[in-house]
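Trainee: The following comprises the amino acid sequence and a computationally predicted model.
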2 protein chains.
Amino acid sequence: MRVRFSAIAGAPTLVDVTHVRERSWWGWGWADQALDGPACQELADRVRPFIPLDGDLTPVPQLGAVSLPPCRLRSPGSLDTVCGSTTDERAAHTYGKAYRDVIRALRGDLAPAPDLVAYPRDEADVTAVLDWATAGGVAVVPYGGGTSVVGGVECRDRSRPVVSLDLSRLRGVVEVDEVSLAARIRAGTLGPAIEDELRQYGLTLRHFPQSFEFSTLGGWIATRAGGHYATGHTHIDDMVEAVRMVTPAGVSTSLRVPASAAGPSPDRLWLGSEGTLGVITEAWVRVQRRPRFVAASAVRFDEYADGVAATRDLAQSGLQPANCRLLDGLESMLGAGSTDGSSRLLLSFESADHDVNGSLARAIEICRGHGGRTDESTSDSSARWRGTFLRAPYLRDGLARLGVIVETFETACTWTGFAELHAAVVEAVASAGGDLTGAPAVVGCRLTHVYPDGPAPYFTVYAAGRRGAEVEIWDELKVAASEAILANGGTITHHHAVGRDHRPWYDRERPGPFAVALRAAKAALDPAGILNPGVLVG
Amino acid sequence: MRVRFSAIAGAPTLVDVTHVRERSWWGWGWADQALDGPACQELADRVRPFIPLDGDLTPVPQLGAVSLPPCRLRSPGSLDTVCGSTTDERAAHTYGKAYRDVIRALRGDLAPAPDLVAYPRDEADVTAVLDWATAGGVAVVPYGGGTSVVGGVECRDRSRPVVSLDLSRLRGVVEVDEVSLAARIRAGTLGPAIEDELRQYGLTLRHFPQSFEFSTLGGWIATRAGGHYATGHTHIDDMVEAVRMVTPAGVSTSLRVPASAAGPSPDRLWLGSEGTLGVITEAWVRVQRRPRFVAASAVRFDEYADGVAATRDLAQSGLQPANCRLLDGLESMLGAGSTDGSSRLLLSFESADHDVNGSLARAIEICRGHGGRTDESTSDSSARWRGTFLRAPYLRDGLARLGVIVETFETACTWTGFAELHAAVVEAVASAGGDLTGAPAVVGCRLTHVYPDGPAPYFTVYAAGRRGAEVEIWDELKVAASEAILANGGTITHHHAVGRDHRPWYDRERPGPFAVALRAAKAALDPAGILNPGVLVG
């Protein structure tokens, strides 16, 4: 999947426009968007007042200088044209994009590299890879956009050879049903390609996870991704009309209907299966007309608790704001231009059908009832925050190179339990930071999604790193966070999935009989246990 | 579970107020609401112009005169106090409430009667029954309100003894979380009891299936019941926050969170499991504040297709009407007072937070764009229809005694496929009626629920019966309907569940690998295969 220009009749023609720009093999997103040396220095100057820095900047290793474990696999002749095992492609498929992934890549540690990368062109190729892997006991790790932050695409079990199954060739919007507002889309299609194609019909999937640019429909479905709607249908779960999935036991196609009571929902068992039960190849998803009416505002709360109470009222009002993100003092300062420790609630409404100013007015009225204020200090909060939001993963990589530990984690809980969960998590992580690094970790929180029965708090952690021990320190901080979440009734993940990193807490959260059922389903569908071993079961 | 008054200190005290009124053992609902002789004659006079009648009225058999198959079971001593095997209770637990159930009961045919009825007082009793049944190879049929219309509570497999597990004693709202708007409710609680208890908090579950008065929370969850909201969250699936279920392999308790991406949703595997994987004992459900703002109207369409187009626009508008039911010409005539063959769209909006007149005005504007009219002819449509809707099952029983075949079935499909599905189903059933009875069956349709991607059409069939062959004729009509539904992309059920009646079509609709997974899950959770045999798997 290299950049290619072909010169036909003298004129350079872009053959594969979606692959022109180079992805970073070690960090987030586009290679050309990574912070360069001067930008990292500028970032260091901004961060130093808050977090001690050692003044070093980890260099990015040259891929040529990195050593990979030897390749233990040869593709069978029939799959030669869809498999590769160059250093570049094995390196690029070794990790997801968590902080601990970036640090290990920067260290040149690529121990979990897959032996082979397969790029199936169609469903028949997927079946062929699964058949071959089943026969040979080869682990298969389905790979969409590779943006997992929970170790979902990293096969840590080295006891058998590993194929990374890169679905990027299964791409494109295949069919659009403008009457029923649905589209059939191949699993490997990236977010922007989906939107570009739907835009021609005046439609949008409107599923914007932070990873949008680099993640795929199949990945979203496999991990139950959360989009950018703050209320109502935001998980991809609710947008899925029907799924097609290849399993070692055959191809599953669900019926394309808006709803059904015909037994437990098949799609809901595939949703969140994280590549352990099969490989999603395409789906019919519900799309919508592009919004024509938008109304937005930002509200300031001096007291965080008042902001939480207002947000809860809004979530329970039935107004269904498209955006309803509460940033605490730290998040407001870093992301939305606040300087006084106040919180910001970013609000917006949108519709393709009708004016939404009345809804916004009612929402602001609810906020005022809790001491919220809208004034010029909040007027550019949303625009600022959006910029920070999209830039955040690149800044994360810069900070990682400066030696700062910076990572996020998230959960969901009831409104009733939120205050205690929030306090316990902040306290646990901050104090673990003190124990591990000598200085308390700094913890910010925003509510990314809100439901009538509870919010989804998203935490960002900043801590002083110690060169060479960053991963170990982060892992300890994460243990502290996860224990505090589970002890306070939160789920181990609201939209990041389980992967390998969340497994110990997932095993405790999951009802015992469901584990029994899932293990049995897995054994029946994937008797050789080839699919994403170590994730969810086994 | 008999009516009891206890005389304490001279004053009569109602001990068990929820069981004062007697349920019909052979037909729908309250025994005292069944049509009496004169009411049946009046009904006959109204129906005769449309459907030939033989003038007879099937008498209701006396329970004392009905013979049951011999009881093959004795409860173990430890369960003596929670088990019963009187004729009354075995007869009342033999069937659900489908037309074919009523006919068989009227015939005095109670061949599938359970051997024993168990009424567990608590979860420990449920576990004890399952343990005893597993050890003895006894089939266990979970029984909530007994309103299944798909053979869900009727154990047709007579190869082993059968216990009907009546959950009516597991009742009551146990806990209300007014902050997070959720309530913990025992599975055997009937609809009205749920609403009565929540009303004290100004709250409502607002889940009103037609069976509301006689069905239970556990039954709704086990069958993925559809409520009375026409758009948005209407299936009980979306109202379930957490489920507690007893399986032979242990008790499952899911975490009470608003949303999660921690693997496939455990609750979504229990939802729709129809008593085959375990016995639901309680659930946390999302409740809401009672509506304070309501706006309603009815719109008339001369052309049915215009009504469909308007309804689709409404479903895709984001306006989220609480009610949006399109009645075709026949349904409008029978239920909403229309006399000219026009269709009626019943519309309402409601909110606990804000005025909804603007939403109704916009909805009517959309309807006018499709030729819809609101005038005095439509003004009482909603009230009339509501009366008919609630009375319908009692009328059904009267018609059954008059020899009329009357039954309903339902599906969901895409908007794109609706017109063809509708035409094919009506044609298939009408012509099968002609073949079977000499006169075409009369078929009406209403859209009970509408989604952005498609409607849920609900069909009512009237046909001339032939005494003694009603069940067989209906079964043939149902085959014609089901084949037409599947051939045109519909699901075999949108909210009636699978039970035993829909099994052949369910097996064809369900993706093969999901069947593999479900069978494996069932075998692991219920290795003795005691739970509701014949339903979904096995």
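Mentor: Perfect, thanks for sending it.

Trainee: element containing residue A:399?
Mentor: For residue A:399, the host element (DSSP states H and E) is helix A:381-402.

Trainee: And that helix, what's buried?
Mentor: By neighbour count on 16 or more other C-beta atoms under 10 Å in any protein chain shown, the buried set for helix A:381-402 is A:381-382, A:384-385, A:388-389, A:392-402. All C-beta atoms are positioned from the backbone trio N, CA, C, and that covers glycine.

Trainee: Give me the distance between stretch A:46-64 and the centre of its chain.
Mentor: 25 Å (C-alpha atoms, centre = their mean, to the nearest Å).

Trainee: Now do that stretch, average pLDDT.
Mentor: Averaging pLDDT along stretch A:46-64 yields 90.

Trainee: How far does it stretch from one end to the other?
Mentor: Criterion C-alpha to C-alpha, to the nearest Å; first-to-last residue distance in stretch A:46-64 is 33 Å.

Trainee: Only the buried residues of that stretch, if you could.
Mentor: A:47, A:51, A:53, A:57, A:58, A:60, A:61, A:63.

Trainee: again with stretch A:203-219
Mentor: A:203-219.

Trainee: That one: how far from the chain's middle?
Mentor: Using C-alpha atoms, centre = their mean, the offset of stretch A:203-219 from its chain centre is 9 Å.

Trainee: again, but for stretch A:188-201
Mentor: How far stretch A:188-201 lies from its chain's middle: 18 Å, per C-alpha atoms, centre = their mean.

Trainee: and if you look at stretch A:423-443?
Mentor: 24 Å.

Trainee: Mind checking the pLDDT average for that stretch?
Mentor: Stretch A:423-443 shows a mean pLDDT of 96.

Trainee: Over to stretch A:146-161?
Mentor: Across stretch A:146-161, the average pLDDT comes to 96.

Trainee: start to end distance for it?
Mentor: Terminal residues of stretch A:146-161 lie 19 Å apart, using C-alpha to C-alpha.

Trainee: now stretch A:276-289
Mentor: Chord length of stretch A:276-289, first to last residue, is 34 Å (C-alpha to C-alpha).

Trainee: for stretch A:178-191, same thing?
Mentor: Terminal-residue distance, stretch A:178-191 (C-alpha to C-alpha): 20 Å.

Trainee: cool, and stretch A:42-62?
Mentor: Distance across stretch A:42-62, first residue to last, is 24 Å (C-alpha to C-alpha).

Trainee: ok, now stretch A:404-420?
Mentor: Across stretch A:404-420, first to last residue, C-alpha to C-alpha, it's 28 Å.

Trainee: Over to stretch A:495-515?
Mentor: 20 Å.

Trainee: Kindly report the same for stretch A:396-414.
Mentor: For stretch A:396-414, the first-to-last residue distance is 30 Å (C-alpha to C-alpha).

Trainee: and that stretch, how far out from the chain's middle?
Mentor: 13 Å.

Trainee: what's the nearest residue to residue A:199 once chain neighbours are set aside in contact with, if anything?
Mentor: Spatial nearest neighbour of residue A:199, excluding adjacent residues (C-beta to C-beta, 6 or more residues apart in numbering or on different chains): residue A:290 at 7.3 Å. By C-beta atoms under 8 Å, 6 or more residues apart in numbering or on different chains, residue A:290 lies in contact with A:199, A:202, A:203, A:204, A:352.

Trainee: For residue A:290, give its distance to chain B.
Mentor: Using C-beta to the nearest C-beta, to the nearest Å, we find residue A:290 at a distance of 12 Å from chain B.

Trainee: Distance of that residue relative to residue A:352?
Mentor: Computed as C-beta to C-beta, to the nearest Å, the residue A:290 to residue A:352 distance reads 6 Å.

Trainee: For the residue nearest to residue A:437 when sequence neighbours are not counted, which residues are in contact?
Mentor: Among residues not flanking residue A:437 along the chain, residue A:464 sits closest, at 4.5 Å (C-beta to C-beta, 6+ apart). Residues near residue A:464 by C-beta under 8 Å, 6+ apart: A:51, A:52, A:53, A:403, A:404, A:405, A:433, A:437, A:438, A:439.

Trainee: Same question for residue A:197.
Mentor: A:172, A:173, A:176.

Trainee: Could you rerun that using 7 Å?
Mentor: residue A:173 (C-beta atoms under 7 Å, 6 or more residues apart in numbering or on different chains).

Trainee: does it sit in a helix, a strand or a coil?
Mentor: The assignment at residue A:197 comes out as helix when based on DSSP: H, G, I helix; E, B strand; the rest coil.

Trainee: what's the neighbour count on the residue lying closest to residue A:479 once chain neighbours are set aside?
Mentor: The spatially closest residue to residue A:479, leaving aside those adjacent along the chain, is residue A:432, at 7.9 Å (C-beta to C-beta, 6+ apart). Counted with other C-beta atoms under 10 Å in any protein chain shown, the neighbours of residue A:432 add up to 23.

Trainee: Surely residue A:432 and residue A:474 touch.
Mentor: No: applying C-beta atoms under 7 Å, one finds residue A:432 not in contact with residue A:474, separated by 10.4 Å.

Trainee: any idea how far residue A:345 lies from residue A:295?
Mentor: 14 Å.

Trainee: Check which strands are paired with the host helix or strand of residue A:463 and give the direction for each one.
Mentor: Residue A:463 belongs to strand A:454-464 when assigned by DSSP H and E. Strand A:454-464 pairs in its sheet with strand A:404-410 (antiparallel), strand A:442-451 (antiparallel), by DSSP bridges.

Trainee: which stretch among those strands comes nearest residue B:74?
Mentor: For the strands paired with strand A:454-464, proximity to residue B:74 was assessed by C-beta to C-beta; strand A:442-451 is nearest, at 49.4 Å.

Trainee: relative to helix A:381-402, how tilted is the closest one?
Mentor: Interaxial angle, strand A:442-451 versus helix A:381-402 (axes from the mean of the first three to the mean of the last three C-alpha atoms, to 10 degrees): 140 degrees.

Trainee: Contacts for strand A:442-451 next, please.
Mentor: Taking C-beta under 7 Å, 6+ apart as the rule, strand A:442-451 contacts A:50, A:226, A:230-231, A:234, A:311, A:315, A:324-328, A:330-331, A:334, A:410, A:422, A:426, A:429-430, A:455-462, A:494, B:258-259.

Trainee: Please pick the buried ones from those.
Mentor: A:226, A:230-231, A:234, A:311, A:315, A:324-328, A:330-331, A:334, A:410, A:422, A:426, A:429-430, A:455-462, A:494, B:258-259.

Trainee: so where's chain A shaky on pLDDT?
Mentor: Along chain A, segments meeting pLDDT under 70 span A:1-20.

Trainee: Residue A:76: neighbour count?
Mentor: Residue A:76, neighbours per other C-beta under 10 Å, totals 14.

Trainee: picking that back up, so which of the contacts of strand A:442-451 belong to helices?
Mentor: A:311, A:315, A:330, A:331, A:334, A:422, A:426, A:429, A:430 (DSSP state H).

Trainee: so does stretch A:349-356 get close to chain B?
Mentor: Yes: legend: contact between stretch A:349-356 and chain B by C-beta under 7 Å from any C-beta of the partner chain is shown at A:351, A:352, A:353, A:354.

Trainee: Alpha carbons of the helix or strand encompassing residue A:347, as CSV, please.
Mentor: In this assignment (DSSP H and E), residue A:347 forms part of strand A:343-351. Listed next in CSV are the C-alpha coordinates belonging to strand A:343-351 (Å, rounded to 0.1, in the frame of the first residue of the first chain):
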residue,chain,number,x,y,z
SER,A,343,-16.1,24.6,33.7
ARG,A,344,-17.5,24.8,30.2
LEU,A,345,-20.5,23.0,28.8
LEU,A,346,-20.4,22.9,25.0
LEU,A,347,-23.9,22.7,23.5
SER,A,348,-25.2,22.3,20.0
PHE,A,349,-28.4,21.3,18.3
GLU,A,350,-28.9,20.3,14.7
SER,A,351,-31.5,19.1,12.3
